[in-house]
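S.K.: with the input below, show me the fold.
(2 chains)
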Amino acid sequence: MKSAMIFRLLMLAGGLALALLPSFAQAAPPVERVFRIEASSFAYKPGQIQLNLGDRVTLELVSMDVVHGLYLDGYDLSLTADPGQTARLTFVADRAGSFRFRCNVTCGAMHPFMIGKLTVGPNHSFTLAAGLTISAIAIFLLIHPRRASQ
Amino acid sequence: MTRHELTRFPLIKALLKNRWPQLAVYAALLAGFIFAIFAGFVGSPVGNHNFSIVFVWIAWWAMLILAAVPFFGRGWCAVCPIPLPGEWLQRGAILELAPTGKGVSLGRRWPNPLRNIWMQNISFTLVALFSSVILTMPLITAVVLSAMFFLAIGSSMVFERRAFCRYLCPVGGFIGLYSQIAPLELRVKTTRACASCKEKPCYHGSEAGYGCPWQVFPGGLQKNSYCGLCMECLRTCPVDNIAVNLRPFSSDLATPTKRLDEAFKAFIMVGAALIYAGVLLGPWGALKDAAYRIGSGVWFAYVGVFLSVLFVLMPSLYALAVKAGMLLAKTSSAVRPAFAAMSAALVPLGLMFWVAFSLGFVFTNATYILAALSDPLGWGWNLFGTANIPWQPLFTGLLAPLQTLVLIAGMLWSAGTAQKIASAAGVRPLPVIIYCLLATLVMLGLLL
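M.R.: Have a look, this model is predicted:
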């Protein structure tokens, strides 16, 4: 019984640590970055981009087949690239977290699912959510110890 | 548990007993359904400019998974247009009651070996395997909807009652699973009245209405899974013993299943939600390519992984968790009954996985609904002046917090369910709770 209680308390501590630690993590200094993103039906290459908070970023969108676009969730930015052409967008990554970018020009059947992911800093959205999830279940088990050990 | 009978209000009862309101909804939805098929065949091949894709896979799906199933259970089945033409032919009538024998159906009994939901498990899995083209290509959506339509008519012509809904429909299977959660139920008021009723008009029919189309005897109803809320029994019961009740959420999960077909439905739904989140909403182009290139080598690899996750990996790990729970409880009985019973814990988890997944694409694609309303065939019409509304994702800042909350709620709901049913199943719930936690973390990783 005592070990079960210790397990749940450790779980709670681990969950809270996971949720809160990225807030205290040492952020890398911002730099200037350029990413070339090749868009072809129905994927971006690279599909995942990692940035530091404060980076000044230029996205170069190159369409490899038909007209493609890129809309960045959270930043409400978009650009469009004609086939064989390069479109550029520069912005400062001043919002931490994980953001999807999606094609904003109808490009074919799988267009609604042409999605990439841009992460600014550590993926705080995930670590916070995971930490809260673990904490929630630990609290649940602490509140209902008898039923849990039935 | 507290229940509030809705049918004690005369207006509600009159609305439910009267066939006209139901027929009005049926007619509207049947027209929409046929138009979706028509649009799929003749409209624009571009999915997000075609009524069949936008209204079936965005509008209807959002309504179904975010509202109808969680709050009304089989409420959608009560108004679903797919079985209607077959049922009308089977009965030989649309609205009025027809004498027995007027309809055109062989009226055969559904075969005993298939009186389970394995066929629904298979039909859902088939749709899921081809989902990348079904969800995006109007023509394929039209073919699938037509196939369901004619299969429903055909099964009504050969078999008695609603065999398609009960045993074949790919959607009906998971609606039945998750209807156990809904705070709405149809039940008898007292079982004693049913026991003393000799004619059983609720099952066999009478001059007041048809026998249960879902092949259910209301007196034996203990869960929502197979009650289609068609209200025939409310019309036929001679002693006013049928009630539609409001009740606490997930009441049915207190009496978990003993059947493996129902248990596997829970795994299929959880596994499919995880795979969809990764393939459709994830940033991995190779996965999308594999799901889309049907018939290619990578697609067969995708099929192999898909089936392995749904039918082998997830159930095997769950069986191990249940076995660990049995060891902790020092229970030496067979694993299979405990495995089936404990699968009830996956029901809230699975529904919340689907809610979180659906929020992900409904919010981002909802603006297509307004455009398709004005130009349903993608022919350049502008009926309501909304055809040129630009695509704009909605609430993207709220999406991650909302999905997180939904998934945490689902996990806690599942943990509570596991605790409630564990002692009757002879297991300790902790390993199952850890399984639910790990599945939730994977889902969070895929969505965030």
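S.K.: leaving out the residues flanking it, which one is nearest to the closest residue to chain A within the stretch 251-400 of chain B?
M.R.: Nearest to chain A, among the residues of the stretch 251-400 of chain B, is residue B:285, at 2.2 Å (Cβ to the nearest Cβ). Every C-beta, even on glycine, is put in place using the N, C-alpha and C of the backbone. Using Cβ to Cβ, 6 or more residues apart in numbering or on different chains and skipping the chain neighbours, the partner closest in space to residue B:285 is residue A:43 (2.2 Å).
S.K.: repeat that for residue A:42.
M.R.: Once flanking residues are discounted, residue A:42 sits nearest to residue A:110: 3.7 Å by Cβ to Cβ, 6+ apart.
S.K.: any idea of the pLDDT on that neighbour?
M.R.: For residue A:110, the model assigns a pLDDT of 90.
S.K.: surely it and residue B:132 touch.
M.R.: Yes. Here residue A:110 reaches residue B:132: they are 6.5 Å apart, a contact under Cβ atoms under 8 Å.
S.K.: what do the two both touch?
M.R.: Shared contacts of residue A:110 and residue B:132, defined by Cβ atoms under 8 Å, 6 or more residues apart in numbering or on different chains, comprise B:288, B:292.
S.K.: tell me which of those two has more neighbours.
M.R.: Counted by other Cβ atoms under 10 Å in any protein chain shown, residue A:110 and residue B:132 do not tie: residue B:132 has more neighbours, with 27 against 24.
S.K.: check which helices and strands the helix or strand hosting that one sits against.
M.R.: Assessed by DSSP states H and E, residue B:132 sits inside helix B:131-134. Packing partners of helix B:131-134 (3 or more Cβ pairs under 8 Å, 6 or more residues apart in numbering or on different chains; DSSP states H and E): helix B:138-158, helix B:285-292.
S.K.: what bridges to the residue nearest to residue B:285?
M.R.: Beta-bridge pairing for residue A:43 (DSSP bridges): residue A:40.
S.K.: just to check, residue B:168 is in contact with residue B:154?
M.R.: No. Using Cβ under 8 Å, residue B:168 makes no contact with residue B:154, being 10.0 Å away.
S.K.: so stretch B:54-62, near chain A or not?
M.R.: No. Stretch B:54-62 does not reach chain A (Cβ under 8 Å from any Cβ of the partner chain); its nearest approach is 8.7 Å.
S.K.: ok, residues contacting the helix holding residue B:132?
M.R.: Outside helix B:131-134, the residues that touch it by Cβ under 8 Å, 6+ apart are A:109-110, A:113, B:127, B:140-141, B:144, B:276, B:279-280, B:288, B:291-292, B:294.
S.K.: again, but for stretch A:85-94
M.R.: A:30, A:51-63, A:70, A:75, A:77-81, A:120.
S.K.: tell me what whichever strand or helix holds residue B:52 is packed against?
M.R.: Here residue B:52, judged by DSSP H and E, is contained in helix B:51-53. Using 3+ Cβ pairs under 8 Å, 6+ apart, the elements in contact with helix B:51-53 are helix B:19-42, helix B:138-158.
S.K.: among those helices, which is nearest residue A:37?
M.R.: Among these, helix B:138-158 comes nearest to residue A:37, with 29.1 Å by Cβ to Cβ.
S.K.: just the residues contacting that closest one, thanks.
M.R.: With Cβ under 8 Å, 6+ apart as the criterion, helix B:138-158 contacts B:33, B:36-41, B:43-47, B:50, B:52-53, B:56-57, B:82-83, B:85-87, B:89-90, B:104-106, B:108, B:127, B:130, B:133-135, B:162-165, B:168-170.
S.K.: buried ones among those residues?
M.R.: B:33, B:36-37, B:39-40, B:43-44, B:46-47, B:50, B:52-53, B:56-57, B:82-83, B:85-87, B:89-90, B:105, B:127, B:130, B:133-135, B:162-165, B:168-170 (16 or more other Cβ atoms under 10 Å in any protein chain shown).
S.K.: just the pLDDT at the closest residue to residue B:124 other than its chain neighbours, thanks.
M.R.: Leaving out its chain neighbours, the residue that sits closest to residue B:124 by Cβ to Cβ, 6+ apart is residue B:170, at 4.2 Å. Looking at residue B:170, its pLDDT stands at 97.
S.K.: my read: residue B:170 touches residue B:123, true?
M.R.: Yes. Residue B:170 sits in contact with residue B:123 when judged by Cβ under 8 Å, with a separation of 3.9 Å.
S.K.: in space, what's closest to the residue in the stretch 1-150 of chain B that chain A sits nearest to - neighbours in sequence excluded?
M.R.: In the stretch 1-150 of chain B, the residue that lies nearest chain A is residue B:136 (4.1 Å; Cβ to the nearest Cβ). Counting by Cβ to Cβ, 6+ apart, residue B:136 lies nearest to residue A:109, which is 4.1 Å off, once chain neighbours are set aside.
S.K.: could you measure from the closest residue to residue A:63 other than its chain neighbours over to residue A:62?
M.R.: Using Cβ to Cβ, 6+ apart and skipping the chain neighbours, the partner closest in space to residue A:63 is residue A:81 (4.1 Å). Distance, residue A:81 to residue A:62, using Cβ to Cβ, to the nearest Å: 6 Å.
S.K.: of those two, which one has the most company?
M.R.: The neighbour count for residue A:81 versus residue A:62, taken as other Cβ under 10 Å, is higher for residue A:81 (22 against 17).
S.K.: beta-bridge partners for the more buried one, please?
M.R.: Going by DSSP bridges, residue A:81 forms beta bridges with residue A:68.
S.K.: got the contact list for it?
M.R.: For residue A:81, the contacting residues are A:39, A:61, A:62, A:63, A:67, A:68, A:69, A:70, A:87, by Cβ under 8 Å, 6+ apart.
S.K.: need the contact list for the nearest residue to the fifth one once chain neighbours are set aside.
M.R.: Distance criterion Cβ to Cβ, 6+ apart; nearest residue to residue A:67, sequence neighbours excluded, is residue A:105 at 5.1 Å. Each residue near residue A:105 by Cβ under 8 Å, 6+ apart is listed here: A:67, A:68, A:69, A:80, A:111.
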